[in-house]
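> starting from these lines, generate the structure:
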Amino acid sequence: MTYATPGRLYRYIPTDKFFAKIDDAMSNGATAEEIRMLALQEVQRARVPKEDKVTLFIPAPRIAGEHGINEILHSINRETQTATWDNALSSLCDFVCVRGHGIRFTCTIRDISIKLGGSAVSCMCE
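Sure thing, here's the model as predicted:
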């Protein structure tokens, strides 16, 4: 179990925003796989106390301006990445495309986030 402070158990509570996302997905006819992906994103958030999460950013204004997050993530997954990136995948979550700027995401392990800070990511053959 994870402790937020000595002696206090950390307990994650999903936000109303999460439930709204699930409701929207179901209303729009999302597949079981799409709903599962939404739930898994929430599980990743729940695993780690907020203070241990590090927000990272990949500057890629052209890519973020021309492509959506799903297309970007598929490209990153298809292309060969550094060993640092490949080893970090299980600790990465909350990917967001910031239009015209880049990709923001969260790393749940501080030491890995430091290593990622100087590594390159191949996306859309760039």
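> going forward, measure contacts and count neighbours with C-alpha atoms only.
Noted.
> wait, residue 105 sits on residue 92?
Yes. The criterion here is Cα atoms under 8 Å, and residue 105 meets it with residue 92 at 7.0 Å.
> higher neighbour count, these two?
The neighbour count for residue 105 versus residue 92, taken as other Cα atoms under 10 Å, is higher for residue 92 (22 against 15).
> if I look at that one, how far off is residue 73?
12 Å (Cα to Cα, to the nearest Å).
> same check, this time on residue 56
Per Cα to Cα, residue 56 is found 15 Å from residue 73.
> surely residue 38 forms part of a helix?
Yes. Residue 38 forms part of a helix when assessed by DSSP: H, G, I helix; E, B strand; the rest coil.
> thought it was touching residue 22?
Yes. Here residue 38 reaches residue 22: they are 7.2 Å apart, a contact under Cα under 8 Å.
> the more surrounded of those two?
When residue 38 is set against residue 22 and neighbours are counted by other Cα under 10 Å, the residue ahead is residue 22, at 18 against 15.
> could you find the closest non-adjacent residue to that one?
residue 35 (6.7 Å; Cα to Cα, 6 or more residues apart in numbering).
> just the element for that neighbour, please.
Using DSSP states H and E, residue 35 maps to helix 32-47.
> right, and the helix or strand after that helix?
Taking DSSP H and E, what comes next after helix 32-47 is strand 54-59.
> direction included, what does that next one pair up with?
Here strand 54-59 has these sheet partners by DSSP bridges: strand 102-107 (antiparallel).
> only alpha carbons, please: show the strand it pairs with as CSV.
Extracted in CSV, the C-alpha atoms of strand 102-107 (Å, rounded to 0.1, in the frame of the first residue of the first chain):
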residue,chain,number,x,y,z
GLY,A,102,3.5,19.3,-28.4
ILE,A,103,2.6,16.3,-26.3
ARG,A,104,2.2,16.5,-22.5
PHE,A,105,2.2,13.4,-20.4
THR,A,106,2.8,12.1,-16.9
CYS,A,107,5.6,9.9,-15.6
